[in-house]
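# Here's my sequence, what's the structure:
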Amino acid sequence: MTDDAAASFSTKPTLVGEKVTLRPFRLDEDLPALRALLQDPEVARLTGSVSRSAAAPWNDVAEQRMRNWYDTRNDQPDRLDLAVVDQASDGCVGEVVLNERDRLNRSCNLRIALASAGQDRGLGTEAMRLMVGHGFERLGLHRISLTVFEFNPRARRVYEKVGFVAEGVQRDVLLYDGAWVNDVVMSVLAPEWERHRGRPEAVADQSLRR
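Next up is the predicted model:
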C-alpha cells in the first residue's frame, strides 16, 4: 500500500471485534471512564505517568486538561486515538492510539491503556489486533512499535501474543520510587502481520504439525 493510502489518518473509523468496539471518542459519554482511567494509580505507574507510588492529586486543572485533550482527539490529522468500548456493557474502558507517525518510513508508535474494568478478559488483546490490523491493512504502515517497562511483564505477554517482537532495551528510562526502570522496545512489521494476523502462536502450532 502506498503512502497516499496512508493519508487517511484524519479519518476516524469504527472497528468492531467480538468483544470490543474501537470508535472515536464521545466526550460526554466517555468522560467518567476516562477520568477513572487517568486517576487509576496502577495505570499511572505502568504508563510512566508518575514517578512515585503516591497518588497524584486530581484537581480542576487536571480535569480541564483532560477535557481539552479528549475533546480534540477526533480532529487530529496525523494520529489515531480511539476509545475501547466493552461490548458487554457498551461502556468505554480505555483507549488505543497510533501516534508519532513517520510518514516517510511508514511507521507509527502504538500505546494502549485500559481501566481495571477492562482488564483480564481479553479486551486489550482484541483491541490491539483491531488497531494493528487497521494500521497495516488500511493505513499502509510498514512498522508499528511500542515500549513497555520491565516491571510490566503482563503487558509484554499481551504484546507478544499479538505478534510484537522485542528489539532491545532502553536502560534507566524511568526513575520510579527512587529506582531506575528499563524500557523494552518492541515492534511488528507488515510482512510479519501478513503471515500471522496477530496470532503468531497459531501459525507456529500449524508449522509444528506439518
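# Residue 165 versus the residue most central in space within the chain, what's the distance?
When the chain is reduced to its mean C-alpha position, the closest residue under C-alpha atoms, centre = their mean turns out to be residue 112, at 2.4 Å. Separation of residue 112 from residue 165 (C-beta to C-beta, to the nearest Å): 17 Å. All C-beta spots, glycine's among them, are computed from the backbone N, C-alpha and C.
# returning to what we had before: with adjacent residues omitted, what lies nearest to the residue nearest to the centre of the chain?
Nearest residue to residue 112, sequence neighbours excluded (C-beta to C-beta, 6 or more residues apart in numbering): residue 96, at 4.5 Å.
# which residues are contacting stretch 129-138?
5, 8, 13, 15, 17, 20, 22, 80, 82, 96, 98, 108, 110, 112, 141, 144, 162-163, 188, 190, 193-194, 197-198 (C-beta atoms under 8 Å, 6 or more residues apart in numbering).
# In helices, which of those residues fall?
Judged by DSSP state H, helices contain the following of these: 162, 190, 193-194.
# Now list the buried members of those residues.
Among these, those classed as buried by 16 or more other C-beta atoms under 10 Å are 162, 190, 193.
# For the second one, give me its contacts.
Meaning residue 190. 136, 141-143.
# For residue 151, state which of the residues you listed is nearest.
residue 143 (25.6 Å; C-beta to C-beta).
# number of nearby residues for the closest one?
17 (other C-beta atoms under 10 Å).
# now swap in the one 5 residues further on and tell me
The criterion is other C-beta under 10 Å. On that basis, residue 148 has 24 neighbouring residues.
# Partner strands of the helix or strand that contains it, with direction?
In this assignment (DSSP states H and E), residue 148 forms part of strand 143-149. Sheet pairing of strand 143-149 (DSSP bridges) gives strand 107-114 (parallel), strand 179-189 (antiparallel).
# Can you give the contact residues for the first one?
Yep, that's strand 107-114 we're talking about. Contacts for strand 107-114 (C-beta under 8 Å, 6+ apart): 37, 43, 47, 84, 93-102, 123-124, 127-128, 131-132, 135, 139, 141-146.
# buried sites along the helix ranked longest in the chain?
The longest helix of the chain (DSSP H) is helix 123-137. Buried residues in helix 123-137, counting neighbours by 16+ other C-beta under 10 Å, are found at 123-136.
# pLDDT averaged over the helix or strand where residue 65 lies, what's the number?
Here residue 65, judged by DSSP H and E, is contained in helix 60-71. Taken as a whole, helix 60-71 has a mean pLDDT of 92.
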